[in-house]
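Chemist: everything below, folded, please.
(2 chains)
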Amino acid sequence: MADQPDTSREDGVHRPEVPGVNDVNAWFVREVLPLEPLLMHYLRRQWPNQSEIEDLRQDVYVRVHEAAKKQIPHPAKPFVFRIAHNLLVDRIRREHVVPIEAVADFDELEIAIDAPQPDRSVIARDELRRLQAALDQLPPRAREAIVLGRIEGLNGREIAKRMGIGPATVSAHLTNGILALAEILTGESPTQDRKS
Amino acid sequence: MTDSGDNISTGSSPARAIAQIAADWIQRRQFWDWNEKNQAELNVWLNENPLNLVTFLRLEAAWSRTERLIALNRPLSEAPGINQVKRNNSFPVRAAAALIVCGLGAGALYYLQAPKQNVYVTPLGAHETISLADGSQIELNTDSALRTRVDGNRRLAFLDRGEAFFKIKHDAAHPFVVIAGDHRVTDIGTKFMVREQGARVEVAVLEGSARIESSNAQSATLKAGDVAIASARSLVVTKKPEQDIANAVAWQRGMLVFSQTPLANVATELNRYNTKKLVIADVEAAKAKIGGTFPTSGIDEVTAAARVLFGLHVEDRGDEVVISR
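Modeler: Modelled structure (predicted):
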């Protein structure tokens, strides 16, 4: 197929050949991100160097997102894991890190694809508890800034005043808090320990 | 500044470095002054490379979950069929108790200092005027649920269900923020309507302007006459004639205004207000177009119009009225 400019329209009536970037973003958030615990579990088992897992995950996301710009795949899960698998194979070929057999393990891939997805109602019930646990794990000053901003609804200047620190420091605490919360909230899953 | 030592190690991974920048964008947009120029800069950064974009989407999704959690933490969720207007202040105490039980410690203390929450629920067919201490007024439409947290520091309302009309006393230092679903509306001196329809949120501005921020990384500034429809996928803004928007909030006077409106849509609107439901049994009848002003309880008036104007068959079955050819 020849490269074509993205001519998708906002009116939502026509079915554009190429999905709009908003559709891709929404799909990515809705269908791909919830797979993260399973994806991380898979990557951790398949890749020897644990310090590279985060980079690998982001590489998978980039590849998934780029591919979805051409056509949004349904269902998302086998697609995401196929891309993860291919990425690992590529890296191994390039870097000669581990024998290919270690990741050419399609059984492992199938298990990952078949693993049950987190039940949304279970997640909803657990969310408050999980957020509290997540907040608890933040460094104290980052937690204070996040609680003031998120729960009390203060803006940056007000947080600075309450904490008696400068705006730049507030920003740094909020940035760290957002990062850490994302890691904690997306990194765990009720299904992670489940036997299949 | 004595708060070093708290910092989370950022490591040297490229993914980490970009995540740091993305998180900084999120906190800037959320907690500091944010204008069109900032948004344009963010858009440039997002379009720079796909890793920036996916990193931002991932962090923003997690961050918006924390907002949902605050909204989720409410007594209303168990009471969809509640039948009377109820006001209480018990929420902060209950929430604080839950936080302490879960061992949040410091967080619970902050929470206790948060402004008291008022809860308003309207039954089917009712509407209620809420006057806030700051001089703002909120009209809550049928079958709606709203929580407010207003004090000297901040003004916040959660539209958990239904529809509300806001007449906000402007205060630039303390903007009035309405959270409906995953979307956030901030007033800039304004009268506006917010309607929550499951995953979809509609905002119409009658006077002044307001800003809508959606969980899907989109935002827009709305002026009088603008109607925004935000969903998980998109944010669409259209301009409507002033009269249309005024008609859309006629429920404040207990009225519904239709103009060349298909009967199917008329039924959907009426059914929001009445226990007795209007059912349109076939496609042809659904297409019949009706205009005029009807009371929100006006099921008889509408069925009479359908019978007289279009010769449609009307059958009253007690709890529903069925219209067919």
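Chemist: helices and strands around the one helix or strand B:Gln243 maps to, which ones?
Modeler: Assigned by DSSP states H and E, B:Gln243 belongs to helix B:242-248. Packing partners of helix B:242-248 (3 or more Cβ pairs under 8 Å, 6 or more residues apart in numbering or on different chains; DSSP states H and E): strand B:200-213, strand B:255-262. In short, each C-beta sits where N, CA and C put it, glycine included.
Chemist: and the residue in the stretch 201-325 of chain B that chain A sits nearest to, how many neighbours?
Modeler: Nearest residue of the stretch 201-325 of chain B to chain A (Cβ to the nearest Cβ) works out as B:Arg233 at 3.9 Å. Per other Cβ atoms under 10 Å in any protein chain shown, the neighbour tally for B:Arg233 reads 21.
Chemist: and what about the residue lying closest to it once chain neighbours are set aside, helix, strand or coil?
Modeler: Among residues not flanking B:Arg233 along the chain, A:Ala26 sits closest, at 3.9 Å (Cβ to Cβ, 6 or more residues apart in numbering or on different chains). Using DSSP: H, G, I helix; E, B strand; the rest coil, the structure places A:Ala26 in helix.
Chemist: does A:Ala26 touch B:Ala230 like I think?
Modeler: No: between A:Ala26 and B:Ala230 there is no contact under Cβ atoms under 8 Å: 11.3 Å.
Chemist: out of the two, which sits in the busier spot?
Modeler: Higher neighbour count among A:Ala26 and B:Ala230: B:Ala230, with 28 against 22, using other Cβ under 10 Å.
Chemist: any chance you could map the strands in the stretch 1-150 of chain B?
Modeler: Secondary structure of the stretch 1-150 of chain B (DSSP state E, counting those that start in this stretch): strands at B:117-121, B:128-131, B:137-140, B:145-150.
Chemist: and for residue 46, the neighbour number?
Modeler: Defaulting to chain A. Around A:Gln46 there are 22 residues (other Cβ under 10 Å).
Chemist: wrong one, chain B
Modeler: Neighbour count of B:Leu46, defined by other Cβ under 10 Å: 20.
Chemist: that one - nearest residue in space that isn't next to it in sequence?
Modeler: With sequence-adjacent residues excluded and distances taken as Cβ to Cβ, 6+ apart, B:Leu46 is closest to B:Leu53, at 5.0 Å.
Chemist: please apply the same query to B:His170.
Modeler: Per Cβ to Cβ, 6+ apart, closest to B:His170 is B:Gly189, 3.6 Å.
Chemist: confidence score at the one you found?
Modeler: With respect to pLDDT, B:Gly189 scores 71.
Chemist: can you list the buried residues in the helix or strand hosting it?
Modeler: If you go by DSSP H and E, B:Gly189 is part of strand B:183-197. Residues of strand B:183-197 classed as buried: B:183-188, B:190-196 (neighbour count, 16 or more other Cβ atoms under 10 Å in any protein chain shown).
Chemist: tell me which two of these sit farthest apart.
Modeler: Using Cβ to Cβ, the buried residues of strand B:183-197 reach their maximum pairwise distance at B:Ile188 and B:Glu196, which is 21.0 Å.
Chemist: quickly note the distance from B:Asp33 to A:Leu56.
Modeler: When distance is defined by Cβ to Cβ, to the nearest Å, B:Asp33 is 37 Å away from A:Leu56.
Chemist: more crowded one of the two?
Modeler: Neighbour comparison, B:Asp33 and A:Leu56: the larger count goes to A:Leu56, with 21 against 10 (by other Cβ under 10 Å).
Chemist: need phi/psi at B:Val249.
Modeler: B:Val249 adopts backbone torsions of phi -110, psi 20, taken as degrees, to the nearest 10.
Chemist: swap in A:Leu131?
Modeler: Residue torsions, per degrees, to the nearest 10, at A:Leu131 are phi -60, psi -40.
Chemist: isn't it right up against A:Ile184?
Modeler: No: the pair A:Leu131 and A:Ile184 fails to qualify as a contact (Cβ under 8 Å) at a distance of 9.0 Å.
Chemist: what about the chain, any weak spots by pLDDT?
Modeler: In the absence of a named chain, chain A is used. Within chain A, the stretches with pLDDT under 70 are A:1-17, A:96-128, A:187-196.
Chemist: was after chain B, sorry
Modeler: Under the criterion pLDDT under 70, the flagged ranges of chain B are B:1-12, B:67-116, B:215-217.
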